[in-house]
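Asker: attaching a predicted model along with its sequence, questions to come.
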Amino acid sequence: DGPPTMAEHLSQSELDYPFKLLEYFNGFRVSKGIFSACELGVFDLLLHSQKPLSAAEVSQKLGTSEDGMERLLDMLVGIEILEVELTEGTAYYSSTDVANLYLAKSSSKSLHDMIIYQSQTIYPLWNNLVDAVREGKNQNEKTFGLSSEDIFSAIYRSEEQMLKFMGLMNSTWIIDGHDIVTAFDLTCFKSIVDVGGCSGGLARELAKAYPASTVTVLDLPKVVQTAQKHFSRSDDPIHFQEGNFFEEDLPAADLYVLARIIHDWKEEKCLTLLKKIHAACQPGGGVLVVEALLFENHRGPIMAQIFSLNMLIQTEGKEHPAARYTQMLTAAGFSDVQVCRTGKSYDAVLALK
């Protein structure tokens, strides 16, 4: 029978007073409050401060109004992202472990880049959701004055924008990478190519989990150059190769990884790419598809449903249920398709030749 659905939860008690509904209405304000605190540097200031700070101290250090900062800090206390204590009538604010780990820019698990991207790119795009649904196409032109045809020319429209997007991808794999690379035992694949691997965030997780395998990121020349300049370490365990995976031959590998690639494009384009990968595979080789999998029954997961709507607003693709990926992979010639749901944001599908 399973847990009650959202609709059942909502109906009865909500009729008395719509608490949940009002919480949903306020969702965008909560998001923007967190994003703004990040952009202003609140979490880094509190992380590095040796003691709790008053709104006056925070505003003075960050160059904001005291009144505005106090209201923002109070809201962050209200959603349990900050702590507050009152001393002789003055409120002193301090960070929580969660804020220190994920919201401070200097933390190794920082989601700061994801937040900046959500705030400055996704948020304005979602202003045009009505048009996206009405027209059935992305809103890059309306939001940013960019061609809706070539989605990556919009995403990579300047080095600054490219860095933001690559930072977003990097943040994603910092929290989801380990679960993805260990969803299946990939030890038998001695050479792995992450197709469209961007900053190399997922590739580094692969290299960490499978030190005996060589891991290569294949991406556009300007992406590879930016990745090497801004995201690489001197002892980087991964390799980079420049290339356009839609237009050029793929480098040889035992396993090809397509992480958050399929959901960007129309199905014909995806099928062409999967057939190309199948042709490049040796028998026993395969492809690992990483995406947020929808349930077949249309009831969730809510994160994947939101992502799918986001793909409408920003790309030409969508999220799919597992069966659709199985169909695509089978149509491309793969057999032995296995699905692993991680229970987190992203899932994994492994198919062998």
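Answerer: Cool, got the structure.

Asker: count of neighbours near Ser31?
Answerer: Using other C-beta atoms under 10 Å, the number of residues around Ser31 comes to 16. All C-beta atoms are positioned from the backbone trio N, CA, C, and that covers glycine.

Asker: who's in contact with it?
Answerer: The contact partners of Ser31, taken as C-beta atoms under 8 Å, 6 or more residues apart in numbering, are Gln118, Ser119, Tyr123.

Asker: I figured the last one hits Ser36, correct?
Answerer: No. Assessed by C-beta atoms under 8 Å, Tyr123 is found out of contact with Ser36, at 10.8 Å.

Asker: tell me what the helix or strand where Lys229 lies is packed against?
Answerer: Element membership for Lys229, per DSSP states H and E: helix 221-230. Judged by 3 or more C-beta pairs under 8 Å, 6 or more residues apart in numbering; DSSP states H and E, helix 221-230 is in contact with helix 159-181, strand 214-219, strand 239-242.

Asker: starting at the chain centroid, how far to the second one?
Answerer: Between the centre of strand 214-219 and the centre of its host chain there is 20 Å, according to C-alpha atoms, centre = their mean, to the nearest Å.

Asker: go on, the last one?
Answerer: In terms of C-alpha atoms, centre = their mean, the centre of strand 239-242 is set 22 Å apart from its chain centre.

Asker: tell me the strands beside that strand, with direction?
Answerer: strand 214-219 (parallel) (DSSP bridges).

Asker: could you tell me the angle between the partner strand and helix 159-181?
Answerer: Per axes from the mean of the first three to the mean of the last three C-alpha atoms, to 10 degrees, the angle that strand 214-219 makes with helix 159-181 is 140 degrees.

Asker: and the pLDDT for Gln50?
Answerer: Gln50 carries a pLDDT value of 88.

Asker: so it sits in a strand?
Answerer: No. Counting by DSSP: H, G, I helix; E, B strand; the rest coil, Gln50 is not found in a strand; it is coil.

Asker: and for Ala91, the neighbour number?
Answerer: 17.

Asker: list the buried residues of the host helix or strand of it.
Answerer: Assigned by DSSP H and E, Ala91 falls within strand 90-95. Within strand 90-95, the residues scored as buried using 16 or more other C-beta atoms under 10 Å are Ala91, Tyr92, Tyr93, Ser94, Ser95.

Asker: of all the residues you listed, which comes closest to Leu76?
Answerer: The closest of the buried residues of strand 90-95 to Leu76 turns out to be Tyr93 (C-beta to C-beta; 8.0 Å).

Asker: the residue nearest to the spatial centre of the chain and Ser110, how far apart?
Answerer: Closest to where the C-alpha atoms of the chain average out (C-alpha atoms, centre = their mean) is Thr172, at 4.3 Å. Using C-beta to C-beta, to the nearest Å, Thr172 is found at 12 Å from Ser110.

Asker: what's the answer for Ala104, then?
Answerer: 6 Å.

Asker: please identify the buried residues of the helix holding Lys229?
Answerer: Val223, Val224, Thr226, Ala227.

Asker: now these in CSV, with pLDDT?
Answerer: As requested, these are exported to CSV (pLDDT from 0 to 100):
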residue, pLDDT
Val223, 94
Val224, 96
Thr226, 94
Ala227, 95
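
Asker: closest one of those to Gln282?
Answerer: Using C-beta to C-beta, the buried residues of helix 221-230 come closest to Gln282 at Val224, 25.2 Å.

Asker: I figured the closest one hits Val217, correct?
Answerer: Yes. Here Val224 lies in contact with Val217, judged by C-beta under 8 Å, at a distance of 7.1 Å.

Asker: list residues touching both of those two?
Answerer: Residues touching both Val224 and Val217 by C-beta under 8 Å, 6+ apart: Phe240, Gln241.

Asker: could you give the number of residues near Asp235?
Answerer: Close neighbours of Asp235, defined as other C-beta under 10 Å, add up to 5.

Asker: pretty sure it is in a strand, no?
Answerer: No. Using three-state DSSP, the assignment for Asp235 is coil, not a strand.

Asker: how about the helices in the stretch 1-150 of the chain?
Answerer: Applying DSSP state H, counting those that start in this stretch to the stretch 1-150 of the chain gives helices spanning 6-16, 19-25, 27-40, 42-48, 55-62, 66-78, 97-98, 112-117, 123-126, 129-135, 140-144.
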